[in-house]
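> next input, structure requested:
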Amino acid sequence: MLKEVIIPDSVEKLGERAFYGCYGLSILSIGSGITYIPEEAFGECNTLSFLYIAGDLEEIAYGAFSNNRSLLHIWIAMSEEEFADIVIASGNDGVNTDRFPCYPASYDLDNIISVANL
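Here you go, the predicted model:
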């Protein structure tokens, strides 16, 4: 069972659903070569709890980390001068996410901007 994935800086592209459904995966480190995480690349990785992202990431596609309710620790490496706002599609299907959380959009972090379609 795959428990830890370290994607080195030399890797420049991930495919859609590359690690979809890796239920044993708990630690993920994404190197600086990755600038885009595609749809459902890590979807349904229900035990993923630690995520480290190098500072070169530019975009995370809708659903890239869908249904990862164990994801509690996210580190984004940046210089001290940089601060990242993370924009996340709520994916809530019209449900009130204050009453029924939808992750990762419902994480209570100062730098997450959750976008919804009303």
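> ok, and D98, which helix or strand is that part of?
Mapping D98 onto the secondary structure by DSSP states H and E places it in no helix or strand at all.
> phi and psi next, for it.
phi -70, psi -30 (degrees, to the nearest 10).
> residues contacting the residue sitting nearest the centre point of the chain?
Ranked by distance to the mean C-alpha position of the chain (CA atoms, centre = their mean), the top residue is F65 at 4.7 Å. For F65, the set of contacting residues under the criterion of CB atoms under 8 Å, 6 or more residues apart in numbering consists of 37, 41-43, 45, 48, 51, 71, 103-104. (Glycine included, C-beta is placed from N, CA and C.)
> next step: those residues restricted to strands.
With strands taken from DSSP state E, the overlap with the contacts of F65 comprises 37, 51.
> please tell me how far C22 sits from N67.
C22 is 12 Å from N67, where distance means CB to CB, to the nearest Å.
> I27 bridge partners, please.
Here I27 sits in beta bridges with E4, F50, going by DSSP bridges.
> low-confidence regions, the chain specifically.
Under the criterion pLDDT under 70, the flagged ranges of the chain are 78-94, 103-104, 116-118.
> quick check: the gap between the residue nearest to the centre of the chain and G31.
Note on F65: its distance to G31, by CB to CB, is 17 Å.
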